[in-house]
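> model this:
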Amino acid sequence: MRKLTYFVATTLDGFISGPDHEMDFFPMQGEHITALAEEYPEAVPTHIRGLLGVPADAPNRHFDTVLMGRGTYEPGLAQGVTSPYSHLRQIVLSTSLSPVPGVEVLASDPVAVVRELKAEPGLDIWLCGGGQLAGALRSEIDELVLKVNPVACGSGTPVFAADFRPESFALQSVRHFPTGVVWLHYTR
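As a prediction, the model looks like this:
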């Protein structure tokens, strides 16, 4: 069975973006970006793969499907990027977004969608964001990889926007980078 992995950058204070979906405060150079491009090439948006040295035809190593909420998808759409991960099956869960070529826009129950995806053959499923979608899918997340950045922003989109319901994850590995970024890998 396929796994759902929430692979996401976060601040020290637990935000994946600023109040207006800003992400430009995350460090975008250094060894952690090189590791991302080498180890998770499918997590590099199609339109910037060449800038990071990821070949256009680089094989997907971990994921073949990406899930996004409207808040994660729309900032790119506003800049004319309609298919940010064209090398993956792209699913945006939204009740208000209009159909977009190359992207599946679903107004379905996120838990039902993930359970159907998990039953299909293929590589794992990447939950790209956002916080509300992660909150709705928290019980379905099998792995959590937090790319913790050495910055605090005070407010914004939390890693999980959900009701209080403590759930435990087991730490599997910690990876430190000279940039101050730390990758924390957890499993349910």
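> I'd like to know which helix or strand in this structure has the lowest mean pLDDT.
Counting by mean pLDDT, DSSP states H and E, the weakest-scoring helix or strand in the chain turns out to be helix 70-78, with a mean of 90.
> so what does the host helix or strand of E116 touch, helix or strand wise?
In this structure, E116 is located in helix 110-119 according to DSSP states H and E. Contact here means 3 or more Cβ pairs under 8 Å, 6 or more residues apart in numbering; DSSP states H and E; on that basis helix 110-119 packs against strand 4-10, strand 63-69, strand 89-93, strand 124-129, helix 131-137. C-beta coordinates here come from the backbone N, C-alpha and C atoms, glycine included.
> what's stretch 53-68 in contact with?
4-5, 7, 37, 39-44, 46, 49-50, 85, 87-93, 110, 113-114, 117, 122-130, 133, 137 (Cβ atoms under 8 Å, 6 or more residues apart in numbering).
> before we move on, back to that, specify the angle between the helix holding E116 and strand 4-10 in degrees.
With axes from the mean of the first three to the mean of the last three Cα atoms, to 10 degrees defining the directions, helix 110-119 sits at 120 degrees from strand 4-10.
> Return the alpha-carbon coordinates of helix 110-119 using PDB.
Coordinates of each C-alpha in helix 110-119 appear next as PDB, following Å, rounded to 0.1, in the frame of the first residue of the first chain:
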ATOM      1  CA  PRO A 110      -9.700  14.700   1.400                       C
ATOM      2  CA  VAL A 111      -9.600  11.500   3.500                       C
ATOM      3  CA  ALA A 112     -11.600   9.500   0.900                       C
ATOM      4  CA  VAL A 113      -9.300  10.800  -1.900                       C
ATOM      5  CA  VAL A 114      -6.200   9.700   0.000                       C
ATOM      6  CA  ARG A 115      -7.600   6.300   0.900                       C
ATOM      7  CA  GLU A 116      -8.400   5.700  -2.800                       C
ATOM      8  CA  LEU A 117      -4.900   6.900  -3.800                       C
ATOM      9  CA  LYS A 118      -3.300   4.600  -1.200                       C
ATOM     10  CA  ALA A 119      -5.100   1.600  -2.700                       C
END
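> Need the contact partners of that helix.
Counting by Cβ under 8 Å, 6+ apart, 1-4, 65, 67, 91, 93, 106, 125, 133, 136-137, 139-140 sit against helix 110-119.
> mind redoing it with 10 Å?
1-4, 65, 67, 69, 89, 91, 93, 104, 106, 108-109, 124-125, 127, 132-142 (Cβ atoms under 10 Å, 6 or more residues apart in numbering).
> State the mean pLDDT of it.
Rounded to a whole number, the mean pLDDT of helix 110-119 is 98.
> Next, the contact list for L51, please.
So L51 contacts 37, 44-45 (Cβ under 10 Å, 6+ apart).
> Which of these sits closest to R175?
Comparing the contacts of L51 against R175 with Cβ to Cβ picks out A37 as the nearest, at 14.9 Å.
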